[in-house]
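> Sequence plus predicted model, see below.
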Amino acid sequence: MILSLKKLVIFTLIACLLFPASSVYGHGLGIDAISSIDIQGKDISISVEMPMYFENDQEQITITATEDKTNENVKNVTFLIGLFHENEIIFRNYFFAEDGILSINVIPTQQDEVTINGQQDSLLGAWHGTESNPIEITGPLFDSGGLYNFEIEIRTIDDPTNIVDNSGTYNADLTLIETISFIQKDSENHDVEFRVKSYFDKISNFQYNSETKEITFEMPFDWREKQMSHVPVVHEEVHFPKDFSEFLSPGYSGYVNGIELFKASVSIDDYTEEDERIVHFILLQDHLRYLKNEMKKLDEPLPDTISFTLSTTENIEFPLTAYTKSEDFQVNLSWDPIQIEPGIATNFIFTIRDGTTGSPLRNSDYTFVIIQNGSEIYRTTGVAQVGGEFEKFTFNEDQTGPTIIKFENIRNTGQETEFTVVVVPEFGTITLFILIISTMSIIFVTRRNSFRFDV
């Protein structure tokens, strides 16, 4: 079945309007919870909260014990807390919270040992603080990124002398976000700087293969259900220059330990950083369990790592999605023909949506801009009356390479967002992108879901 250009443009526009793309959140978590611990007949939950960055001279850790039935803080709690990083103990001490809320001021320093300041009780030597004399921990603390493990036991509740025996040891894991740079060689032996921002644990063994156009790296991970049950999301970002055309692709395939990820687990962000493309790995808890089950089928011991692979793909998954910086607006973009070439008119088909609900926004003003090598080559304004519209542009023979498609002043708010595409030279090595319209269906993929639209 062959569709005319006009019908294909209209069809794609209708599909973009029908299927909203939901925002994927998971930018690192500053809190972890231990749920429903049975302590002397009471179900108690413990939350641990700390900053995702230690940027100031002083930061705070807050640990709270709450009774599930009443939702009130547990009184006179003594915690035994051990803090571990990369299997090394940082400290292990008793701490007392009269009102169930333990606040610890953390002051990272260059001194050799960890020191605790505050007051100690006479029963267990538990540290406790007051408003005028808070608990302070100083020393070589939180000086590197990755996963920090809190081992927590409850030793008293309700009354300071009510000793709890054998309460069990419970774990909370929190991440200190870290960005690491890696210098790699491209196909012409030039240095290229890649950066990985990890919202979970430390990254190692980063490699870029210029022949296969693949990035690989790995991270420690405990696949036991006890640990996975309180990991809501694993989020990793791969950053590289927008002008690194060798790895610039309309789409990417992601793999974990050799298992291909769902399309929704890998997304492109061309707006957050002006000069960098960011590719996000988003692994939700259900995805992690799916990966674990797939690994079990191999009848091999589970690894103690997550090994990531990111490779370019010639398959464009429409529509592409980008958000304004405030996330008030979302823009979906497709284009036809799929391979953008000089001398051939390209229809850029887009939908302007509410960033929260994903609903198309009628009568949306916009300015459509095309930029190459830092200079504008096209600018026009318009109104998307039904939320969706398309703009047509024909590139000249000298207008090839990485290209920014930018939407400015969306709905007269001054907000903007952009996409990066590649205009393929008319001659030379050409990557052929093929849209297969067969078996009477087309698949459209959003950031979370894929939809089949029968034709």
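Cool, got the structure.

> can you pull the contacts of the nearest residue to residue 109 once chain neighbours are set aside?
Nearest residue to residue 109, sequence neighbours excluded (CB to CB, 6 or more residues apart in numbering): residue 138, at 5.2 Å. To be clear about C-beta, it is placed using only N, CA and C from the backbone, and glycine gets the same treatment. Shown in contact with residue 138 (CB atoms under 8 Å, 6 or more residues apart in numbering): 106-109, 111, 114-115, 117.

> now for the residues you listed, which pair is the farthest apart?
Using CB to CB, the contacts of residue 138 reach their maximum pairwise distance at 108 and 117, which is 14.4 Å.

> Of these two, give the one with the bigger neighbour count.
Neighbours per residue, other CB atoms under 10 Å: of residue 108 and residue 117, the larger number sits with residue 108, 17 against 14.

> Residue 137 is in contact with that one, correct?
No: if you go by CB atoms under 8 Å, residue 108 and residue 137 don't touch, sitting 9.4 Å apart.

> thinking again about what came up before, could the contacts of residue 138 be laid out in a markdown table, adding distance to residue 51?
Shown next, in a markdown table, are these (distance: CB to CB, whole Å):
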| residue | distance to residue 51 |
| --- | --- |
| 106 | 9 |
| 107 | 13 |
| 108 | 11 |
| 109 | 17 |
| 111 | 21 |
| 114 | 18 |
| 115 | 20 |
| 117 | 20 |
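
> Using JSON lines, please lay out those residues together with distance to residue 48, pLDDT and secondary structure.
Supplementary listing: those in JSON lines, determined by distance: CB to CB, whole Å; pLDDT from 0 to 100; DSSP: H, G, I helix; E, B strand; the rest coil:
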{"residue": "106", "distance to residue 48": "13", "pLDDT": "95", "secondary structure": "strand"}
{"residue": "107", "distance to residue 48": "19", "pLDDT": "94", "secondary structure": "strand"}
{"residue": "108", "distance to residue 48": "18", "pLDDT": "92", "secondary structure": "strand"}
{"residue": "109", "distance to residue 48": "22", "pLDDT": "91", "secondary structure": "coil"}
{"residue": "111", "distance to residue 48": "25", "pLDDT": "86", "secondary structure": "coil"}
{"residue": "114", "distance to residue 48": "18", "pLDDT": "94", "secondary structure": "coil"}
{"residue": "115", "distance to residue 48": "21", "pLDDT": "94", "secondary structure": "strand"}
{"residue": "117", "distance to residue 48": "21", "pLDDT": "93", "secondary structure": "strand"}
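
> helix/strand/coil for the residue of the chain most remote from its centre?
Most distant residue from the mean C-alpha position of the chain: residue 122, 46.2 Å away (CA atoms, centre = their mean). Three-state assignment for residue 122 (DSSP: H, G, I helix; E, B strand; the rest coil): coil.

> How many residues are close by the spatially closest residue to residue 30 that is not a sequence neighbour?
Nearest residue to residue 30, sequence neighbours excluded (CB to CB, 6+ apart): residue 52, at 4.9 Å. For residue 52, the number of neighbouring residues by other CB under 10 Å comes to 17.
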